[in-house]
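J.: Compute the structure for the input listed below.
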Amino acid sequence: MTFYKLAVSLSIVISFFNLSVYAQSIAPELKHFATDGISFDYPSGYSLTDESTAQAQQLIITRKGSSVQLTIVAGRACVLSNELPAAIENSTGPLIKKVAIKLTEGKNPPERTSIKTQVGPKAAEGVQLRSSGRGASTGEVIWLRLGLRLISMAFVRSDIDDSGSQLWETVRSTIRVEPPVVGAMKAGVEPTENPITGGVLNGKALALPQPAYPAIARVAHISGTVLVQVLIDEQGNVAAARAVEGHPLLQAVCVAAARQAKFTPTLLEGEPVKVAGVIQYNFVSR
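T.: Model (predicted):
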């Protein structure tokens, strides 16, 4: 009896181990997309096409031989609460129309039902569109605000093709969106040559170390103003700095000092955002 119980126990353990190995072996391999503040994972069997414009990122995910198509539209501009209704109408309205045309090829309008779903930790609203008859298809268009940006997603597929469920679930659960930079500087890039993106920030600094006067500049009686353009991250630290105006012999010390500056984190409707602006340094020759 003892031997029998031991054999059964070993059999259960081996079966559990085999199931675990099998589950791991069929786990899908994922690709990762990350550009201009938006990132997500998607199954490796799919292809991504970037059709972004200056106004919005537009990403289309498809797979050869499949009816499945997922379109993600992420507006680049910051959308405040009072601007959200108009932004939704302008962004999702055309997307819903495109999906309806794709489902019915311009014939009878599809059935329309309001839906709610999850995108990461947040709730999203949307509509489900269904065509009937031969070649019936379904499309969902959902929208929500992530990182102060309006995100719209359209998922379309034939009713006999259920292969896209993994794509839909993976993207919705992994998508992340960074807020736009206040001051019109793109996140993740060095400051541009334009020195007036966010105005002078000297008075908003918690700590603003002063640059040392370079000996060679002092001897040469070089004076004047240096402007350093900075990108301040969500924690109030200077993430990037670049001199955009001032004598070349004074610029390096100013950039070094600017990188050590500290600011109060900027919140926009409760969410931390990056801020672009300039720090001004003045040198007086004696």
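J.: So V230 sits against A241, correct?
T.: Yes - assessed by C-beta atoms under 8 Å, V230 is found in contact with A241 at 4.9 Å. For every residue, glycine as well, the C-beta is placed using N, CA and C.
J.: ok, those two, which is more surrounded?
T.: The neighbour comparison of V230 against A241 (other C-beta atoms under 10 Å) goes to V230, with 26 against 22.
J.: that's a helix at that one, yeah?
T.: No - looking at V230 with DSSP: H, G, I helix; E, B strand; the rest coil, it is strand, so not inside a helix.
J.: Quick check: it vs S39, distance?
T.: Distance, V230 to S39, by C-beta to C-beta, to the nearest Å: 24 Å.
J.: Just the element for S285, please.
T.: In the assignment (DSSP states H and E), S285 maps to no helix and no strand.
J.: tell me the contacts of it?
T.: 218, 221-223 (C-beta atoms under 8 Å, 6 or more residues apart in numbering).
J.: Quick check: D41 vs T113, distance?
T.: Distance from D41 to T113, by C-beta to C-beta: 28 Å.
J.: Would you mind telling me which of these two has the busier surroundings?
T.: Legend: neighbour count by other C-beta under 10 Å for D41 and T113, higher for D41 (16 against 11).
J.: The more buried one: which element?
T.: strand 38-43.
J.: Quick one, which of the contacts of S285 are buried?
T.: Applying 16 or more other C-beta atoms under 10 Å to these, the neighbour count classes I222 as buried.
J.: Now go through the contacts of S285 and say which are in helices.
T.: R218 (DSSP state H).
J.: Please name the nearest non-neighbouring residue to A207.
T.: K262 (4.1 Å; C-beta to C-beta, 6 or more residues apart in numbering).
J.: can you pull the contacts of the one you found?
T.: K262 neighbours (C-beta under 8 Å, 6+ apart): 205-207, 236-238.
J.: and R242, how many neighbours?
T.: 18.
J.: helix, strand or coil for it?
T.: strand.
J.: That one touches V228, doesn't it?
T.: Yes - counting by C-beta under 8 Å, V228 is a contact partner of R242 at 6.8 Å.
J.: quick one: common contacting residues for the two?
T.: V255.
J.: so who does V177 touch?
T.: 37-38, 74, 146-147, 149, 151.
J.: repeat that for 10 Å
T.: 36-40, 57, 74, 119-120, 144-151 (C-beta atoms under 10 Å, 6 or more residues apart in numbering).
J.: And for T225?
T.: T225 neighbours (C-beta under 10 Å, 6+ apart): 245-247, 250, 254, 280-283.
J.: Same question for S223.
T.: 213, 217, 247, 250, 282-286.
J.: now what about the helix or strand hosting L249, what contacts it?
T.: Using DSSP H and E, L249 sits in helix 248-259. Residues outside helix 248-259 that contact it (C-beta under 10 Å, 6+ apart): 201, 205, 208-214, 216-218, 220, 222-230, 237-247, 278-283.
J.: hmm, back to that, any residues in contact with both of V230 and A241?
T.: 191, 255, 258-259, 261, 278-279.
J.: By pLDDT, give me the weakest of those.
T.: Lowest pLDDT among those: P191, with 48.
J.: that older thread, what about the contacts of helix 248-259, which are in strands?
T.: If you go by DSSP state E, those have 205, 224-230, 238-245, 278-283 in strands.
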